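[1] one predicted model, sequence on top.
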Amino acid sequence: MTVPVALSIAGSDSGGGAGIQADLKTFEAHGVYGTSVVTLITVQNTCGVQGAWPLPPEQVSAQLEAVLADFPVAAVKTGALGNAAIIQAVAGALGPRALPLVVDPVMLAKSGDPLLAPDALDALLHDLLPLATLVTPNAPEWTALQAAGAPPDLPLLLKGGHVPGEMVVDDLRAGEHRFTLTAPRQPTRHTHGTGCTLSAAITAQLARGQPLPDAVRLAHAYLQAALRHAPGLGAGHGPLGHARAAQGHAHLSASAGHGLT
């Protein structure tokens, strides 16, 4: 049996809770082989980002070509891309391949530290987002994308974690697929990497062959479990429980024919 392969194109989180590290943990939890392309190096823990260094775009392109030339990548996600040159390098490599693509338009870390250069929004809008199967902004990111001229028909999962209230409401607006997912807001500070984890889980399900609506529903359920199973690490916004979230939750995907592990 061939193992599905997914690719994360994102930044490295030295604290392990977000970015490439969270994506690979999430892919593994879904029974998907994870490959990666690092776009920027961060010095980071649960308390914040102490530094971030984007890689040269030619290094990003070289990583992409190496992975795509050797692995049967079935779905791709992008996270923190850093600047316009990296966005253009990624779009240039992915455009001809027409792979399912989940774009998490990471602009700020959980701590509020910037991870996208202000002048990179134009490249994000015009070079990368037209390739996306789904874009997964939180409320502040969607406000910034709208202000920059995002098209109204962009396939979106609009995340509600930043919107106050007892319930978290996520809205899927992707072509004919339109529905709302709700969950009680969990009383925890351990929320580092929630956006990365959700987009990676959607990507993993797409790599497994799930249609987009089922991939979103299953990923949403996985994220809630990962929040409940957070290991309690760090003095700030702690990481999620990526591995434990998958244990005993095969029923989450029973209706679609696949388990989480």
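    That came through, no problem. Numbers count the residues shown, from 1 in each chain.
[2] what about the residue nearest the centre of the chain, which helix or strand?
    Central residue of the chain (Cα atoms, centre = their mean): S199, 3.1 Å from the mean position. S199 belongs to helix 194-207 when elements are defined using DSSP states H and E.
[3] for that helix, what is the average pLDDT?
    The predicted model assigns helix 194-207 a mean pLDDT of 97.
[4] how about the helix or strand following it: buried residues?
    Downstream of helix 194-207, the next assigned helix or strand under DSSP H and E is helix 212-228. Of the residues in helix 212-228, those buried under the neighbour-count criterion (16 or more other Cβ atoms under 10 Å) are 212, 214-227. Quick note: C-beta positions are derived from backbone N, CA and C, even for glycine.
[5] same check, this time on stretch 96-115
    Under the neighbour-count criterion of 16+ other Cβ under 10 Å, stretch 96-115 has 99-110, 115 buried.
[6] tally of neighbours for the nearest residue to A6 once chain neighbours are set aside?
    Spatial nearest neighbour of A6, chain neighbours left out: A207 (4.3 Å); criterion: Cβ to Cβ, 6 or more residues apart in numbering. For A207, the neighbour count with other Cβ atoms under 10 Å is 28.
[7] if we can go back for a sec, and the buried residues of helix 212-228, which is closest to A243?
    Nearest to A243, judged by Cβ to Cβ, of the buried residues of helix 212-228 is A226 at 9.1 Å.
[8] compute the distance between that closest one and G11, please.
    20 Å (Cβ to Cβ, to the nearest Å).
[9] cool, and Q21?
    10 Å.
[10] also A243?
    22 Å.
[11] how about L227?
    22 Å.
[12] likewise for I202?
    In this view, I202 and G11 are 19 Å apart by Cβ to Cβ.
[13] one more: P184?
    Distance from P184 to G11, by Cβ to Cβ: 30 Å.
[14] the two: who's more crowded?
    Shown here are P184 and G11; by other Cβ under 10 Å, G11 has more neighbours (29 against 9).
[15] and the more buried one, helix, strand or coil?
    Put simply, G11 is strand when judged by DSSP: H, G, I helix; E, B strand; the rest coil.
[16] quick one, what contacts T188?
    227, 230 (Cβ atoms under 8 Å, 6 or more residues apart in numbering).
[17] doesn't it belong to a helix?
    No. Counting by three-state DSSP, T188 is not part of a helix but coil.
[18] hmm, H190 is touching A226, no?
    No. Assessed by Cβ atoms under 8 Å, H190 is found out of contact with A226, at 9.5 Å.
[19] which stretches of the stretch 51-200 of the chain form strands?
    Along the stretch 51-200 of the chain, counting by DSSP state E, counting those that start in this stretch, strands occupy 73-78, 101-103, 134-135, 156-158, 167-174, 177-184.
[20] residues in contact with the first one?
    Yep, that's strand 73-78 we're talking about. Counting by Cβ under 8 Å, 6+ apart, 4-10, 23, 35, 67, 90, 94, 99-104, 128, 199-200, 202-204, 206-209 sit against strand 73-78.
[21] cool, and the second one?
    The set of residues that contact strand 101-103 without belonging to it, under Cβ under 8 Å, 6+ apart, is 75-78, 94, 128-129, 131-136, 199, 202-203, 206.
[22] re earlier: the residue nearest to A6 and T46, how far apart?
    The value you get for A207 to T46, if Cβ to Cβ is used, is 29 Å.
[23] tell me where the longest strand sits in this protein.
    If each strand of the chain is counted by residues according to DSSP state E, the longest one is strand 33-45.
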